[in-house]
Structures are given as C-alpha cells and as structure tokens.
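> Pasted the sequence and its predicted model underneath.
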Amino acid sequence: MDQIEKIMRDLTKDFEAERQTSDTKQTPPSSLAGILRVIGPTDRQNAEFPLNQHATPQDWSDLIERVRNAAHRVREAEAEAHEQEIRVRELLDRVREDMTVAHDRIRAAESHAQDIQTRSDALLKAADARVKDAEERARSAEAWLSKISMTITEEFAAKDEKRLTA
C-alpha cells in the first residue's frame, strides 16, 4: 500500500508539473494527464509533498517503469492468491472426500456391530434354551436314577429278608 501511495504521489507531482507547463503553453493535456486528472491529488498530498516543477523525460520513464513494476507485482500477487485459493479448494475437496469415506466406514462398522449384536443375542437365547433343556433332562435323569436305585435297593432288601426268614 505504501508503494502505491508513493507511485500516486509521483504521478501527482509529475501531473501537476505537466499541467503547469501546459497552462503556460496553453496546449491541451495529454491522455495520461487526463487520466491522472480523474485520479487527482488530494489536498493532504499536496501539503505533504511539494510539486516537482522540473519533470524530465527520464523522470517520466522512471515513473512508467515503476508503474509497470507495481502492476507486475500486483499481477504476481493476484496469481499467487489465485493459486493458493485453488490449493485450498483442492484441499477442502479432499477433506470432504475423506470425511465422506470416514462416515461410510463408521456406518458400515455400526451396521456390522449391530449384526454381531443381533447374532450374539440369538446365540445367547439359543444357548440359554439348551441349558434349560439340559437341566430338565438332568433332573429327569436324576429322578429316574433315584427310582432305579430305590427299586434295586428294595428288591435286594426283599430278597435278603426272604433268605433270612427262610
């Protein structure tokens, strides 16, 4: 910004010098002077920087070169800003893609976990039912074994009593 202000001051100085010399000659202003008149100096600039009364062709050449350099730097800065904007957009696109992939993976993992939970619940219910059936069969088997044991004991006890009484 300081360099632009400096260029504007230089342009203003040169314009005023040209205008004063053209006023004394009564010649119409050049096209550059007309453009600069549109931009125009401010009173503050006139107060801070006295007008250059003796502008030479070399001064004009230097001024034009400075304007070209400033324009070149502005174009470079714009190109760099545009490249950075493109890089940022590409980076944002990649981040969005990565987030989409991550969300898809999360959904797949949650679905897989839900499937595993459903299957494990079903397996637990089936195992619980088998345990209950096995316990019932074990009770039934114990009851039968108890009856058999009692029958054997009673039969042998009855035979022993018959032998003893005989």
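It's in.
> now residue 78: how far from residue 132?
According to Cβ to Cβ, to the nearest Å, residue 78 stands 80 Å off from residue 132. C-beta coordinates here come from the backbone N, C-alpha and C atoms, glycine included.
> Format the CA atom coordinates belonging to stretch 55-66 as PDB.
Extracted in PDB, the C-alpha atoms of stretch 55-66 (Å, rounded to 0.1, in the frame of the first residue of the first chain):
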ATOM      1  CA  ALA A  55      10.000  16.800 -14.700                       C
ATOM      2  CA  THR A  56      12.300  15.400 -17.300                       C
ATOM      3  CA  PRO A  57      11.700  12.600 -19.800                       C
ATOM      4  CA  GLN A  58      13.900  10.400 -17.700                       C
ATOM      5  CA  ASP A  59      11.500  11.100 -14.700                       C
ATOM      6  CA  TRP A  60       8.600  10.000 -16.900                       C
ATOM      7  CA  SER A  61      10.500   6.900 -18.000                       C
ATOM      8  CA  ASP A  62      11.300   6.100 -14.400                       C
ATOM      9  CA  LEU A  63       7.700   6.700 -13.400                       C
ATOM     10  CA  ILE A  64       6.400   4.400 -16.200                       C
ATOM     11  CA  GLU A  65       8.900   1.800 -15.100                       C
ATOM     12  CA  ARG A  66       7.700   2.000 -11.500                       C
END
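> now the longest helix seen in the chain: mean pLDDT?
Secondary structure of the chain per DSSP state H: the longest helix is helix 57-165. Helix 57-165 carries an average pLDDT of 93.
> Which strands or helices does it pack on?
helix 2-25 (3 or more Cβ pairs under 8 Å, 6 or more residues apart in numbering; DSSP states H and E).
> and the helix it packs on, average pLDDT?
Helix 2-25 comes out at a mean pLDDT of 65.
> In three-state terms, label residue 54 for me.
coil (DSSP: H, G, I helix; E, B strand; the rest coil).
> Can you get me a residue count around it?
Per other Cβ atoms under 10 Å, the neighbour tally for residue 54 reads 7.
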